[in-house]
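S.K.: Return atomic coordinates for the entry below.
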Amino acid sequence: MQTVLSGMGELHLEIIHDRIKKEYKIDADLGPLQISYREMITEEVSEQSTLETTIGEQFHMANIGMKVIPTFELSVPDSVVFPEENDEFVYDQDAMDAVENGALSALSAGPRISAQVLGVEVVLESLHVAAGTSLAIVSACAAKCIQSCLQSSESEVLEPMMNVEVKYRV
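M.R.: Here you go, the predicted model:
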């Protein structure tokens with residue numbers, strides 16, 4: 001059995017390890033520490049991706065254009081900005097959910113060290129889906145487009161941060 005422990009540093013994890021040994025009398029082994037780095041892009045980038053495949057006798061095609069814009073906020077992206085509905089852009093909610101799912105899942109692995117990407121806004125610029133195309137194909141195409149955006153942008157690796165509040169009496 002494996003349990004993942006998280007802490008504020010190596011010393012904190014060693015203290016937890018010692019308590020497990022002493023209080024619960026369990027001989028636990030600690031693997032190598034993994035530091036939770038994050039990534040951030042530093043420039044706006046737009047890409048277009050097409051995914052075509054035939055499954056059985058059904059042809060599936062999705063063409064998606066997306067833009068990734070740095071916001072420089074240390075927050076995890078939680079949605080995709082969709083254009084206003086007009087004559088050229090009308091899609092059902094399932095297709096929009098598939099695009100959002102694919103785009104946000106692609107942001108979990110950045111271009112440099114495959115760490116989660118923070119501080120970006122994702123904008124859908126275009127979406128063309130052939131009739132009968134599976135939502136999984138739409139989601140995969142969105143993920144491919146975001147990965148392409150991340151690969152072609154400049155990025156930085158962010159160090160782990162901790163918020164500290166210091167109180168003192170005068």
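S.K.: which outside residues touch the longest helix seen in the chain?
M.R.: Using DSSP state H, we find that the single longest helix of the chain is helix 135-151. Helix 135-151 is contacted by residues 41, 45-51, 53, 60-68, 94-95, 97-103, 105-107, 109-111, 117, 122, 129 when judged by C-beta atoms under 8 Å, 6 or more residues apart in numbering. All C-beta atoms are positioned from the backbone trio N, CA, C, and that covers glycine.
S.K.: for this protein, which spans come out with low pLDDT?
M.R.: For the chain, applying pLDDT under 70 flags the ranges 85-90, 162, 164.
S.K.: Which strand runs longest in it?
M.R.: Secondary structure of the chain per DSSP state E: the longest strand is strand 58-70.
S.K.: Strands along the protein, start to end?
M.R.: 38-41, 45-55, 58-70, 80-81, 116-117, 120-129, 155-158.
S.K.: strand partners of the third one, parallel vs antiparallel please.
M.R.: Pairing partners of strand 58-70, with direction, according to DSSP bridges: strand 45-55 (antiparallel), strand 120-129 (antiparallel).
S.K.: Buried residues in it, which are they?
M.R.: By 16 or more other C-beta atoms under 10 Å, the buried positions in strand 58-70 come out as 60-70.
S.K.: now those as JSON lines including distance to residue 149?
M.R.: Shown next, in JSON lines, are those (distance: C-beta to C-beta, whole Å):
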{"residue": "60", "distance to residue 149": "22"}
{"residue": "61", "distance to residue 149": "20"}
{"residue": "62", "distance to residue 149": "16"}
{"residue": "63", "distance to residue 149": "15"}
{"residue": "64", "distance to residue 149": "11"}
{"residue": "65", "distance to residue 149": "10"}
{"residue": "66", "distance to residue 149": "6"}
{"residue": "67", "distance to residue 149": "7"}
{"residue": "68", "distance to residue 149": "4"}
{"residue": "69", "distance to residue 149": "10"}
{"residue": "70", "distance to residue 149": "11"}
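S.K.: Many thanks, have a good one.
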